[in-house]
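Asks: Sequence and predicted structure are below.
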Amino acid sequence: MERAEKRKTEPTELNGDVIVQGLGLVLDKNDNNFFQFKPSFVDRPASKDVLNTESLGKPEELQKYFPGIKLVDPDSVCRPTGDTTFFTSAGFQHLETLMRENTEVDGQSFLISQPVIRSQFMDKVKEGTSSSFINFSIESVGANPSEFITLSNQFIELLEGLNINKEDVRFQIESKQDKWGGKKFTKTVWTTYIDGVEVGEGVYIHDYPITQEVKVPIADIGFGIERVNWVIGAEKHYFSEFSDYYDKADEDTVASVIDPIRTMVLIAGEGIKPSSHDQGYRLRQLSKRFVQRNLVTNFHLDELVIRSSKFWEQWGYRPTLDGEELLDVIRVENERNYNGLFLETLQREEGSQIYVDINQPTSKFFNQLEFSLPKQMIDTVTKKLK
Amino acid sequence: MKKGKIIISGGGDLDVSSVIDKRFFSLLGQNSKILYIPIALNRSTLGYESCYDWFSTVISKHVGRKEIDYTMLLEGDVVPDLQLFNSIYIGGGNTFKLLDYVIRSGLDNKLLTYLKKGGIVYGGSAGAIILGKDIRTVKEENNNNYSHHKGLDLLGGRSLICHYNKGLDVDISESSKNLKTEILALSEESGIVLNLDGNINEKVGTVTVFNGENKYLL
């Protein structure tokens, strides 16, 4: 608050032209909806050393592009009751955590490699699109437009450090009204694309209302780690930790089977139990998708869980369950949902009206089924589910 | 021919629309899948995560021992085969934006076919109003020069207004005269269940009918 009071001139809405100038952009001659780098910028050498690694592999590698900004630990994926969403969906939600803890946010700048969940993609997963990913975010509360441009250019230097072809980069710029947790504000946004695939976003909010009386500007730049590594070709596959799985089926199928487990690992890892309510319901939905999609691929659950855990932990995620406990929660839920799928198929395909409790291990579920139904009927449904 | 059911909710938050929501979920079978359409809403800074949370909470409240799952349809998605779903739930927001999407995407005809085959369609607020004859009962929502105003006309030739209170009486009477349509005014705790012929089979709460100058309770 003190800082806000000291700020002599209240920042005004950021004009898109300032971004065009500040980032050295010109209108794309082939498509007026986009901007591209000026030829002089495309030809210039990278201003910093190219990253030593072939791909982005840990948060510390990214720090050198944003000097003086601290790297903070990621938030929990499952947010406490009363927050704006059940799950952390963007790195900037760390600001919500700070406000909840009554920390003064004005003047705070930080980098965060945040595992996030975007449930809207749960049924749209394909190679390059997932329901969870690492959202690396750069946040600066109180930043003026000039500081936002500086941060944006640091992001571009990072892309240069990854040896991207600058001719393949496009930007879209727009201003719009938005709201977060019931608070309304105006934001100016650049969205960047490489080879037509969205890889990152820079947002400048000039009037975020921390309270009814106090508004602060916020600079927020974020990008998905998996997406960047995939688009620049540093990793052949979007889920790079599962590269050897991609020869087992077409790449969209492989991604769609792996994705629910990757996301389940994040949720269940924080101690959430599957249920019909709140965060547990999302876990149940993910499990149902995995069970259905894995009927064809038959990927081994243990390996999916282990590799997913390793990936998230590499980016700072800290589960509260140990590996065995985590695997157990996911396995039990998957068995429950396989039982449910079996029973549903049995009723639909064979007209059976039998009731068997699905909340038990699949072996016991089948023992009960075999007690009441002809083996041939069970075998028929089993085959249909393979 | 087996015909579908239309459930109309007057809008409002979870607790307010609870009775008609409960009726909706009672129509669903043990294993049911819903297509949730929140397109009337604008994408927030957190994408559609809040929508996903909200609809999860609606389901949680009424699911009981049923296995209910859902998929969200967003602008830009390919409209799926509606027959894969046991119900379609059309949520609230900007009525004109929603109708524009429904017509552009061809969802209007698909919904009609779906209902004729026995499907269940739930409309809440904007999602309900587009099912009426004319959406200009909420003409003030047309903030983007949307050109479509003829609704899907699935409510027996009536138009609809939600979030009704008596302060709206003069405007609604005026709309009824101008649009030459009977208008059902649903307050937030109210709802109706209709069949595809537009016959109202069930009513929850208070539903007011405006026919020009005339006003009466359903």
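Replies: Structure received. Numbers count the residues shown, from 1 in each chain, chains lettered A, B, ... in the order given.
Asks: residues contacting B:V19?
Replies: B:189, B:191, B:204-205 (Cβ atoms under 8 Å, 6 or more residues apart in numbering or on different chains). All C-beta spots, glycine's among them, are computed from the backbone N, C-alpha and C.
Asks: Sitting in strands, which of the residues you listed do you find?
Replies: Among these, DSSP state E puts B:191, B:204 in strands.
Asks: Any chance of TSV for the contacts of B:V19, columns neighbour count, pLDDT and distance to A:S132?
Replies: As requested, the contacts of B:V19 are exported to TSV (neighbours: other Cβ atoms under 10 Å in any protein chain shown; pLDDT from 0 to 100; distance: Cβ to Cβ, whole Å):
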residue	neighbour count	pLDDT	distance to A:S132
B:E189	18	89	38
B:G191	28	95	36
B:V204	22	92	39
B:G205	17	92	41
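Asks: of the contacts of B:V19, closest to A:H206?
Replies: B:E189 (40.1 Å; Cβ to Cβ).
Asks: Show the backbone phi and psi for the residue nearest to the closest one when sequence neighbours are not counted.
Replies: Nearest residue to B:E189 in three dimensions, chain neighbours excluded: B:G205, at 4.6 Å (Cβ to Cβ, 6 or more residues apart in numbering or on different chains). Note on B:G205: its backbone torsions stand at phi 70, psi -160 [degrees, to the nearest 10].
Asks: Please look at B:G205 and B:I192 and confirm they touch.
Replies: No. Judged on Cβ atoms under 8 Å, B:G205 makes no contact with B:I192 at a distance of 9.2 Å.
Asks: Which neighbours do those two have in common?
Replies: B:L186.
Asks: and A:T191, how many residues sit next to it?
Replies: Neighbour count of A:T191, defined by other Cβ atoms under 10 Å in any protein chain shown: 16.
Asks: any idea how far it is from A:G16?
Replies: 12 Å (Cβ to Cβ, to the nearest Å).
Asks: Common neighbours of the two, please.
Replies: With Cβ under 8 Å, 6+ apart, A:T191 and A:G16 have common neighbours A:I173.
Asks: near chain B, which residues of chain A show up?
Replies: A:84-87, A:89-90, A:93, A:117-120, A:123-124, A:178-180, A:187, A:203, A:276-278, A:281-282, A:285, A:288, A:340, A:344 (Cβ under 8 Å from any Cβ of the partner chain).
Asks: please redo it, this time with the cut-off set to 7 Å
Replies: A:84-87, A:89-90, A:118-120, A:123, A:178-180, A:276-278, A:281-282, A:285, A:288, A:340, A:344 (Cβ under 7 Å from any Cβ of the partner chain).
Asks: So which of the residues you listed sit within strands?
Replies: Per DSSP E, the residues of chain A next to chain B map to strands at A:178-180.
Asks: Let me have those residues in JSON lines, extended by neighbour count.
Replies: What follows is those, written out as JSON lines (neighbours: other Cβ atoms under 10 Å in any protein chain shown):
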{"residue": "A:D178", "neighbour count": "18"}
{"residue": "A:K179", "neighbour count": "14"}
{"residue": "A:W180", "neighbour count": "22"}
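Asks: Next, give phi and psi for the nearest residue to A:Y317 once chain neighbours are set aside.
Replies: In space, and not counting its chain neighbours, A:Y317 is closest to A:P115: 5.0 Å by Cβ to Cβ, 6+ apart. Dihedral angles of A:P115 (phi, psi; degrees, to the nearest 10) stand at phi -70, psi 130.
Asks: Which residue or residues pair with A:P115 through a beta bridge?
Replies: Note on A:P115: beta-bridge partners A:I134, judged by DSSP bridges.
Asks: That one and A:T263, how far apart?
Replies: Per Cβ to Cβ, A:P115 is found 9 Å from A:T263.
Asks: Show me which of these two is the more surrounded one.
Replies: A direct count of neighbours by other Cβ under 10 Å for A:P115 and A:T263 places A:T263 higher, at 30 against 27.
Asks: Next up, identify which helix or strand that one is on.
Replies: helix A:251-268 (DSSP states H and E).
Asks: which helices and strands does that helix pack with?
Replies: Contacts defined by 3 or more Cβ pairs under 7 Å, 6 or more residues apart in numbering or on different chains; DSSP states H and E place helix A:251-268 against strand A:109-117, strand A:132-141, helix A:278-297, helix A:301-314, helix A:323-350.
Asks: Let's have those in JSON lines, adding mean pLDDT and distance to B:E140.
Replies: Putting these into JSON lines (pLDDT from 0 to 100; distance: least, Cβ to Cβ, whole Å) gives the following:
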{"stretch": "strand A:109-117", "mean pLDDT": "97", "distance to B:E140": "36"}
{"stretch": "strand A:132-141", "mean pLDDT": "96", "distance to B:E140": "36"}
{"stretch": "helix A:278-297", "mean pLDDT": "96", "distance to B:E140": "36"}
{"stretch": "helix A:301-314", "mean pLDDT": "97", "distance to B:E140": "47"}
{"stretch": "helix A:323-350", "mean pLDDT": "96", "distance to B:E140": "46"}
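Asks: The longest helix along chain B - contacts with which helices or strands?
Replies: As assigned by DSSP state H, the longest helix anywhere in chain B is helix B:49-62. On a contact count with 3+ Cβ pairs under 7 Å, 6+ apart, helix B:49-62 meets helix A:278-297, helix B:18-26, strand B:67-72.
Asks: what residues does chain B put near chain A?
Replies: B:31, B:44-50, B:52-53, B:56, B:60, B:63, B:67, B:69, B:71-72, B:74.
Asks: Pull out the buried members of those.
Replies: Listed as buried from the residues of chain B next to chain A are B:31, B:44-50, B:52-53, B:56, B:60, B:63, B:67, B:69, B:71-72, B:74; burial here means 16 or more other Cβ atoms under 10 Å in any protein chain shown.
Asks: Where does the prediction get shaky in chain A?
Replies: A:1-11, A:44-55 (pLDDT under 70).
Asks: switch to 50 and redo it
Replies: By pLDDT under 50, the weakly predicted segments of chain A are A:1.
Asks: What's the separation between the residue nearest to the spatial centre of chain A and A:D259?
Replies: Centroid-nearest residue in chain A: A:F133, 3.1 Å away (criterion: Cα atoms, centre = their mean). Computed with Cβ to Cβ, the distance linking A:F133 and A:D259 is 10 Å.
Asks: Now do stretch A:95-102: distance to the chain's middle.
Replies: 21 Å (Cα atoms, centre = their mean, to the nearest Å).
Asks: which outside residues touch stretch B:65-73?
Replies: A:120, A:123, A:285, A:288, A:340, B:28, B:30-38, B:48, B:51-52, B:55, B:59, B:79 (Cβ atoms under 7 Å, 6 or more residues apart in numbering or on different chains).
Asks: which non-adjacent residue is nearest A:I173?
Replies: A:G16 (4.3 Å).
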